[in-house]
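[1] take a look and give me a structure for this.
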Amino acid sequence: MLTMRFSSLLALPGTIAAAILGLSLAPQPGCATPGQDIDLQVGIVQRFGRQPSDVLMLQAQPGDRLTIRFQTGDKAQAWSGATAQLAIVQQALPTPQIEERVVLATHRSYESAEDEANRWRAEGIPVEIAQPKRWQVWAKRDVYHTPLLRRLLLQSLQGRGIQTAFVDTQVLQKRPKVVLEMNGQRVAQEQLQISSAKGIIKVVSQRTDDPPKPKTPPERVERLYYGNLRLQPNAYGTYTLVNQVPLETYLRGVVPHEIGSTTTPSVLETQAILARTYALRNLRRFAIDDYQLCADTQCQVYYGLTGITPATDRAIAATRGKVLTYQNELVDAVYSAATGGVTAAFNDVWHGPSRPYLRPIIDSVAAKWDLSQQSLANEQNFRQFVQQKQGFNEDDQKWFRWRYDSSLSELNQELREYLKSLKSPLANFKTIQGMEVLQRSPAGRVQILRVTTDQGAVDLEKDNILIAFYAPASLLFYMDPLYDAQKKLTGYAFIGGGLGHGVGLSQSGSYRLGKLGWNSDRILSFYYPGTQVQSVNNSLVFWRDPANLQPPEPQM
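    All right, here's what the predicted structure looks like:
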């Protein structure tokens, strides 16, 4: 079983830790003690170069200078200046190159992708988890490194009746290259180390929609980051700008953007503990690209030193080194904006081993509903539950209840794009003929949504439903068909509650608990029953591989 404790993580040289975890970890001396900091590697610009117009401006603080180090052949170079620009040029290849990988599965979330990866490993197929856009499980590229091996694998899977895997093939005529411009000098480089004497660097980016929208100018985004930056290639033919930042400083850029700063101190402290726990438990997410965490909602929103507030800084300082644990292991500290009145179990949304502390909780301090007597797996009970709009912790919040109508043409287009991304043979269907919830969890989350088209039926499971269709803001919904005057189906109304996965803490619900005078320990115990708040110490396990797998020899 792969288990890492804080003491072993911090005491190991970085290269050894990387070998164990498949991660790039900054070496830290000594043992873990309460409040000790640890460097994180956060991808703040994940796919630089996806658009030919991508540009990054780097700026030192007034009176400071940037230092950018890189290698030219066997010669190390260092350029210094107040500003630098990183731009993209498309470099033509001498001959077209074929780039391909075997995609075994596609998921909305890392949690389900990791469980899928563990299942493939148990069958003897080495895999890696990637995020070119959505999370995917790839057959390990350095094992299946020839077209023959990739096609033998695919044929083997198809022979076993597995139709979801496919070979993703791209023929490349050119590749994006990064050009560094500084003090009138230009050089093409793939890896850069960026630092400043004061340790604060402004990054100005031009964000373009993907795909670009006609006549829509790029959005200019300016953010300050503490620590060093690193530009490096990733697994998708583009580049990632990585921020190396101490954990407690990282939290300064997370907490105000995840929870705000105007709620009570106890709620801010709750969020700080969860954000710290989440970061330390999830260091393995981007092993394929040699960093640890991202800076958006696929991890935690992180804006560096931009938008920090005194209130959230006080909460981070007050909880320094504190994490949430279950049986001496860091919990999966997931949280969402709103639950809709009932939290979801881990397995209501994702695949994988259950987490005993992530179970359905009625999000109310009053006895509003008894799940043991009125299961929300029952459609009639569920509709009755959604009609209740008072007495819940979130009932004064925007996302507590909602209704969104989608036309048939919108639903057709959304499903068609989803099926195309999976290379599904049903992607050429003409129209949806009907939609039906086949299964709900006891907490009401849709588990299987059947969509019947003129070409056949598609069963969407758990949070993949939210990939396929835009309208539902969570899996806590029911549907009503919409008809025109001639009784012809024109679309569906999605009626439900909550925003996001709904597992663990409701940020909206915690606002009310804070106003009631609950401290952070009590709030955490409400949403994560059976857990304890501890300071970081040598005995804590931050992540244990739940699969306990030793992969056999790879199969073809």
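
[2] C-terminal to the helix or strand of the chain with the lowest mean pLDDT, what's the next element?
    Ranking every helix and strand in the chain by mean pLDDT, DSSP states H and E puts helix 14-21 at the bottom, with a mean of 33. Next in sequence after helix 14-21, counting helices and strands by DSSP states H and E, comes strand 39-48.

[3] give the pairing partners of the helix or strand that that following strand is followed by; include direction for each.
    Proceeding N to C from strand 39-48, the next assigned helix or strand is strand 55-60, under DSSP H and E. Next to strand 55-60 in the sheet, as set by DSSP bridges, lie strand 83-107 (antiparallel), strand 200-207 (antiparallel).

[4] between those, which gets nearest to residue 335?
    For the strands paired with strand 55-60, the distance to residue 335 is smallest for strand 83-107, at 19.5 Å, taking Cβ to Cβ. Using the backbone N, CA and C atoms, a C-beta is placed for each residue, glycine as well.

[5] list the helices and strands the helix or strand just after the closest one packs on?
    Moving toward the C-terminus from strand 83-107, the next helix or strand (DSSP H and E) is helix 110-122. In this structure, helix 110-122 packs against strand 83-107, strand 127-130, strand 135-139, with contacts taken as 3 or more Cβ pairs under 8 Å, 6 or more residues apart in numbering; DSSP states H and E.

[6] of the strands paired with strand 55-60, which shows the lowest average pLDDT?
    Mean pLDDT values for those show the minimum at strand 200-207, a mean of 90.

[7] need the CA coordinates for that strand. PDB is fine.
    Output of strand 200-207 as PDB, limited to C-alpha atoms (Å, rounded to 0.1, in the frame of the first residue of the first chain):
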ATOM      1  CA  ILE A 200       6.800  38.900  -5.700                       C
ATOM      2  CA  ILE A 201       6.100  38.700  -9.500                       C
ATOM      3  CA  LYS A 202       3.200  40.100 -11.400                       C
ATOM      4  CA  VAL A 203       1.800  37.900 -14.200                       C
ATOM      5  CA  VAL A 204      -0.300  39.600 -16.800                       C
ATOM      6  CA  SER A 205      -2.200  37.200 -19.100                       C
ATOM      7  CA  GLN A 206      -4.400  37.600 -22.100                       C
ATOM      8  CA  ARG A 207      -7.200  35.000 -21.800                       C
END
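
[8] for it, the distance to its chain's centre please.
    In this view, strand 200-207 has its centroid 22 Å away from the chain centroid, taken as Cα atoms, centre = their mean, to the nearest Å.

[9] try stretch 336-344
    From the chain centre to the centre of stretch 336-344 is a distance of 18 Å (Cα atoms, centre = their mean).

[10] mean confidence for that stretch?
    What stretch 336-344 shows for mean pLDDT is 97.

[11] list the buried residues for that stretch?
    Within stretch 336-344, the residues that count as buried by 16 or more other Cβ atoms under 10 Å are 336-344.

[12] same check, this time on stretch 379-392
    Residues of stretch 379-392 classed as buried by neighbour count (16+ other Cβ under 10 Å): 381-382, 385-386, 392.

[13] what sits up against it?
    Stretch 379-392 has contacts (Cβ atoms under 8 Å, 6 or more residues apart in numbering) with 340-342, 363-364, 366, 368-369, 374-376, 395, 400-401, 437, 440, 444, 476-478, 495-497, 509.
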